[in-house]
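Trainee: Structure, please.
(2 chains)
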Amino acid sequence: MQRRVIFPGMLLPYLLLAPQIAVTLVFFFWPAGQAVWYSTRREDPFGLSSVFAGLDNFTDILTDPGYLHSLAITAVFSVAVTVLALVPSLLLAVMADRVAKGRAVYSTILLLPYAIAPAIAGVLWLFMFQPSLGIVAYWLHCAGINWNYVLDGDQAMLLVILAAAWKQISYDFLFFLAGLQSIPKSVLEAAAIDGASRNRRFWTIVLPLLSPTTFFLLTVNIVYAFFETFGVIHSVTGGGPAKATEILVFKVWYDGVVGLDLGGSAAQSVILMAIVVALTAIQFRYVERKVHY
Amino acid sequence: MEAAAGSGTGRRRIDWLPHLVLVLGVLIVAFPIYITFVASTLTSADILNAPMPLLPGREFVANYLQALTGGTVLTSNQGVGRMMANSLVMALGIAVGKIAISVLSAYAVVFFRFPLRPVFFWMIFVTLMLPVEVRIVPTYKVVADLGMIDTYAGLTIPLIASATATLLFRQFFLTIPDELVEAAKIDGAGPLRFFWDTVLPLSRTNIAALFVILFIYGWNQYLWPLLVTNSPTMATIVIGIRQMIGVGDALTSWGLVMATTILAMLPPVLVVVLMQRWFVKGLVESEK
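Mentor: Numbers count the residues shown, from 1 in each chain, chains lettered A, B, ... in the order given. Model prediction:
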């Protein structure tokens, strides 16, 4: 789409674009290019020189049990976070759409987690579940559950999933509510007059009409779980115990910054870039006119 | 689950089920925040002696005063005042920087025709796809090479390139009626005059909406400040809290940590609550 009426000018538009293009080139294209470059290089043990290594870094990574483990964990983590965020949000949004009074109050409180940094969300959940002093950990102990996420990998995973999903509920709730409110009331009334129960109306009318929103949120939540949960992992478990919560983004950071494996980390970055591009492409392909409000 | 509501009795009764579900949901969602607040008013001894009380204690003033002025050993006795100032600079820098460069570039792309226009648009557009998290190490290297470690420039500038803001402004600019542009031209206004007098005032609500979203985004950054700051005087508050916790055991001064946590959450939470209308608009329209 283009404007019909425009301004003449040759130099001015370039000047206007310059700041953004400069920042993009320096902090986006250059590093991305370097990631691709380093991903094909291998450094000597002292980091003094590097040689071309072709796709060796990639084959190393893709055959490394540690990386495949991280990939599997990331899959579990992102699916769990997505489901745990979407289902309660949908339920709450449906209920909020039904109430006549108090919606603003409920919404305001449900939006709070959005404002909280993932790392801080991690701290809040860590504090509740800290094995020796956490209040929820205490209740779990009283219930006879042997809770110690510091030692138990599955429990650690559960905790970071809960913290990450909790933070995402705000976003999903907001979009579901907006989606529900854009459904024409006349359609629902017609169905009600025909004798369809509320339950039936939900499954046969509301949910299908909500599907663009749901699909949009599905990809957004997966992207969130993949890339924006570094803070949760870092503050709650640090990837442990024994790498049980080391999702891909955490591994890129760990291998590159702590492990100083530049080539391996860069190759992981390139793989992650490919994943984001694929997810974004899916989102644009299928959700072209996703939100219409 | 339930029969058709209001089945012809005329009078409508209050439907209690939604309120029940919502109250339950709100309680669960708010519980972690409430517990943190309670803990921020307790002594460390109260907290270590599980179970901690579920009602606020008396250490409110002491904990918050200590957090603001003294910090803990783990933060080099650095009060969180400095860290909050750093976070504020970062959040404002990112929000204002992003909005400024995006509004200019969107204006160029929409209101001018010039060679390579699609190339520039495409260059901006692809940044949508690569969050900083996936190109951590190379971006860090670039910033280090430029000598921007431990500087505010290093904290903010690499994060202000963003396609979402540019796309949002572009979409809005496309809806500005041609008549307005023609009228401006007849009045002899040049493109800069038109931008300043007409486009910018019309974009006020979009700018406010984006500001809210970007302020929260900037304030809540974690991985990036973790990488580009080494000196304790440059740490942001979100980083500082993690340092205060240490390994998260009995040695942690939990009351203090929780007071700091509340302080760290306060600015973005206030922004969301007080600017809720713009926040919702910004979120729904920028779709990310």
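
Trainee: ok, for residue A:201, nearest residue in space, not its chain neighbours?
Mentor: Spatial nearest neighbour of residue A:201, chain neighbours left out: residue A:191 (5.1 Å); criterion: Cβ to Cβ, 6 or more residues apart in numbering or on different chains. Any C-beta I mention is one placed from the backbone N, CA and C, and that applies to glycine too.

Trainee: ah, wrong one, I meant residue A:200
Mentor: Nearest non-adjacent residue to residue A:200, counting by Cβ to Cβ, 6+ apart: residue A:191, 7.9 Å away.

Trainee: shaky segments in chain A?
Mentor: Across chain A, the ranges flagged by pLDDT under 70 are A:1-2, A:44-48, A:285-293.

Trainee: how much space between residue B:167 and chain A?
Mentor: Distance, residue B:167 to chain A, using Cβ to the nearest Cβ, to the nearest Å: 12 Å.

Trainee: number of nearby residues for that residue?
Mentor: The tally of other residues near residue B:167 (other Cβ atoms under 10 Å in any protein chain shown) stands at 20.

Trainee: OK, contacts around residue 49?
Mentor: Went with chain A since none was named. For residue A:49, the residues meeting the contact criterion (Cβ atoms under 8 Å, 6 or more residues apart in numbering or on different chains) are residue A:43.

Trainee: how close does it get to chain B?
Mentor: The gap separating residue A:49 from chain B is 16 Å, by Cβ to the nearest Cβ.

Trainee: just checking, next helix/strand downstream of the helix or strand where residue A:127 lies?
Mentor: If you go by DSSP states H and E, residue A:127 is part of helix A:118-129. Using DSSP H and E, the helix or strand that follows helix A:118-129 in sequence is helix A:135-142.

Trainee: Now the residue positioned nearest the centre of chain A: closest residue in space, sequence neighbours ignored.
Mentor: Against the mean C-alpha coordinate of chain A, by Cα atoms, centre = their mean, the closest residue is residue A:224 at 1.0 Å. Computed as Cβ to Cβ, 6+ apart, the closest residue to residue A:224 that is not its neighbour in sequence is residue A:168, at 5.8 Å.

Trainee: Quick check on that neighbour: phi, psi?
Mentor: As for residue A:168, its main-chain torsions (degrees, to the nearest 10) stand at phi -90, psi -10.

Trainee: Could you list the buried residues of the helix or strand hosting residue A:264?
Mentor: Applying DSSP H and E as the criterion places residue A:264 in helix A:262-286. Across helix A:262-286, burial judged by 16 or more other Cβ atoms under 10 Å in any protein chain shown covers A:262-273, A:275-276, A:279-280, A:283.

Trainee: Next one: the residue nearest to residue A:224 relative to chain B, how far apart?
Mentor: Distance of residue A:168 to chain B, computed by Cβ to the nearest Cβ: 11 Å.

Trainee: contacting residues around that residue?
Mentor: Contacts of residue A:168 (Cβ under 8 Å, 6+ apart): A:81, A:85, A:113, A:221, A:224, A:225.

Trainee: Dump these to JSON lines, plus distance to residue B:64 and secondary structure.
Mentor: Below are those laid out as JSON lines (distance: Cβ to Cβ, whole Å; DSSP: H, G, I helix; E, B strand; the rest coil):
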{"residue": "A:81", "distance to residue B:64": "33", "secondary structure": "helix"}
{"residue": "A:85", "distance to residue B:64": "32", "secondary structure": "helix"}
{"residue": "A:113", "distance to residue B:64": "23", "secondary structure": "helix"}
{"residue": "A:221", "distance to residue B:64": "35", "secondary structure": "helix"}
{"residue": "A:224", "distance to residue B:64": "32", "secondary structure": "helix"}
{"residue": "A:225", "distance to residue B:64": "34", "secondary structure": "helix"}
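
Trainee: Widest-spaced pair of those residues?
Mentor: The distance between the two most remote of those (Cβ to Cβ) is 14.8 Å, for A:113 and A:225.

Trainee: picking up where we left off before, the helix holding residue A:127 near chain B at all?
Mentor: Yes: part of helix A:118-129 sits near chain B under the criterion Cβ under 8 Å from any Cβ of the partner chain, namely A:118, A:119, A:120, A:121, A:123, A:124, A:125, A:126, A:127, A:128.

Trainee: what packs against the helix holding residue A:264?
Mentor: helix A:30-39, strand A:41-43, helix A:56-63, helix A:211-227, helix A:248-253, helix B:136-145 (3 or more Cβ pairs under 8 Å, 6 or more residues apart in numbering or on different chains; DSSP states H and E).

Trainee: Hmm, residue B:224 and residue B:158 touching each other?
Mentor: Yes: between residue B:158 and residue B:224 there is a contact at 7.3 Å, judged by Cβ atoms under 8 Å.

Trainee: Report the set of residues contacting both of the two.
Mentor: Each of residue B:132 lies in contact with both residue B:158 and residue B:224 under the rule Cβ under 8 Å, 6+ apart.

Trainee: separation between the closest residue to residue A:254 other than its chain neighbours and chain B?
Mentor: Spatial nearest neighbour of residue A:254, excluding adjacent residues (Cβ to Cβ, 6+ apart): residue A:239 at 6.2 Å. Distance, residue A:239 to chain B, using Cβ to the nearest Cβ: 13 Å.

Trainee: What is the neighbour count of the residue in the stretch 151-288 of chain B that chain A sits nearest to?
Mentor: Relative to chain A, the nearest point of the stretch 151-288 of chain B is residue B:220 (3.4 Å; Cβ to the nearest Cβ). Counted with other Cβ under 10 Å, residues neighbouring residue B:220 total 26.

Trainee: for residue A:143, same thing?
Mentor: 8.

Trainee: those helices in the stretch 1-150 of chain B, which residues are they?
Mentor: B:16-39, B:44-48, B:60-69, B:80-111, B:117-126, B:136-145 (DSSP state H, counting those that start in this stretch).

Trainee: now for these, which one comes closest to residue B:168?
Mentor: Between these, helix B:80-111 lies closest to residue B:168; by Cβ to Cβ that is 7.7 Å.

Trainee: name the helices or strands packed onto that closest one?
Mentor: helix A:11-24, helix B:60-69, helix B:117-126, helix B:152-156, helix B:163-174, helix B:204-219, helix B:237-245, helix B:254-274.

Trainee: Switch the ones you listed over to TSV, and while doing so, append distance to residue A:199 to every line.
Mentor: As requested, the helices and strands packed on helix B:80-111 are exported to TSV (distance: least, Cβ to Cβ, whole Å):
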stretch	distance to residue A:199
helix A:11-24	50
helix B:60-69	47
helix B:117-126	43
helix B:152-156	51
helix B:163-174	38
helix B:204-219	36
helix B:237-245	44
helix B:254-274	34
